[in-house]
Each structure stands twice: as C-alpha cells, then as structure tokens.
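*Asks:* below are the sequence and a predicted model; questions follow.
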Amino acid sequence: MRRFVFVASAVAAIGLVGLTGPAAEAQAVQRYSDGNNIAVTGTAQGFEVFGRAGSTGADYMCAAGEFSHVRLNARNNDRMVMTRPLGPSPTTPGRQSMEFVLLGPDARTPWGGSILQYPRRAGLNRSVGHARGLCSRSD
C-alpha cells in the first residue's frame, strides 16, 4: 500500500492526468526476469525494475519494456513513465531500482529527456516499442 501511495503521488507530482489504456485497468502483481537477470515486479499502476551491478539506463528500459509487453500486454505505442529514478529500493533493502507507470499512447507526459544518459529524473518516458528496441544494445 505504501508503495502504491508513493507511485500515485509521484505521478501527480509530475503532472500526469487522465490515465487511460493499461494503467486504467486493475491487475494482479506480476513478476518478470529478463535474460540479463534484471527483475521487475508490479502492475501497470506502478512497477519496480531491479538492476544488478553495472546496469545501464538501457538495461532498465529494456527490462521495463519487456515486462510491459510480456506481462502487462502493453502495445508498442503505450508510454512508460519513470516515477522514481534510480536509487535504493523502497521495497527491497540493499537493492537499486527504478519505478515506472504504464500509460496509454495518448498520455500527456511533460518531459522526454534521455534515460540512457540521465536515469535520475522522474518524468522520463519512452514508448514500450522504443524501450524494447534497446534490448539488443544492452547486452
């Protein structure tokens, strides 16, 4: 519950309104691990991506995109917005993570920026398709 409140307040803080598409649907918590041993857990309303030593912004985005596509049935044009930048996990002590929400393709997001260079600003966003395209670069 505490994590959901944090994610909801972070979404409000960066000015996202009018949740549509996958984010509007209630879903059970999903877990996923990609080929690079990056774990992801959560729902469209908020999911956490756990990196490993040496993980790059592309690694986190790749895992978030794959999780959104495989577990949340997101379309390639749905948007993933980072609500909490890279830092200590609020749910798992000793781990680094980022948090995201999944929004429909028409969501208004205030800032794109480069998650590859600056994965430390809430509001960074990419389409699911773009994030999945980074997977071949993050190996």
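*Replies:* Arrived safely, thanks for sending. Numbers count the residues shown, from 1 in each chain.

*Asks:* same for the longest helix along the chain, what does it pack against?
*Replies:* Determined from DSSP state H, the single longest helix within the chain is helix 57-70. The contact analysis (3 or more CB pairs under 8 Å, 6 or more residues apart in numbering; DSSP states H and E) places helix 57-70 against strand 30-33, strand 39-43, strand 46-50, strand 79-88, strand 96-103, helix 128-133. (Glycine included, C-beta is placed from N, CA and C.)

*Asks:* let's see it at 7 Å
*Replies:* strand 39-43, strand 46-50, strand 79-88, strand 96-103, helix 128-133 (3 or more CB pairs under 7 Å, 6 or more residues apart in numbering; DSSP states H and E).

*Asks:* go through those and name the closest to Phe67.
*Replies:* Closest to Phe67 of the helices and strands packed on helix 57-70 is strand 39-43 (CB to CB; 4.0 Å).

*Asks:* follow-up on the earlier one: dump the longest helix of the chain to PDB, restricted to CA.
*Replies:* Written as PDB, here are the backbone C-alpha positions of helix 57-70 (Å, rounded to 0.1, in the frame of the first residue of the first chain):
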ATOM      1  CA  GLY A  57      19.800   3.100 -18.300                       C
ATOM      2  CA  ALA A  58      19.300   1.000 -21.400                       C
ATOM      3  CA  ASP A  59      19.200  -2.200 -19.300                       C
ATOM      4  CA  TYR A  60      16.500  -0.800 -17.100                       C
ATOM      5  CA  MET A  61      14.400   0.500 -20.000                       C
ATOM      6  CA  CYS A  62      14.800  -2.800 -21.900                       C
ATOM      7  CA  ALA A  63      13.600  -4.800 -18.800                       C
ATOM      8  CA  ALA A  64      10.700  -2.300 -18.300                       C
ATOM      9  CA  GLY A  65       9.700  -2.600 -21.900                       C
ATOM     10  CA  GLU A  66       9.800  -6.300 -22.000                       C
ATOM     11  CA  PHE A  67       7.900  -6.600 -18.700                       C
ATOM     12  CA  SER A  68       5.200  -4.200 -20.000                       C
ATOM     13  CA  HIS A  69       4.900  -6.100 -23.300                       C
ATOM     14  CA  VAL A  70       5.100  -9.700 -21.900                       C
END
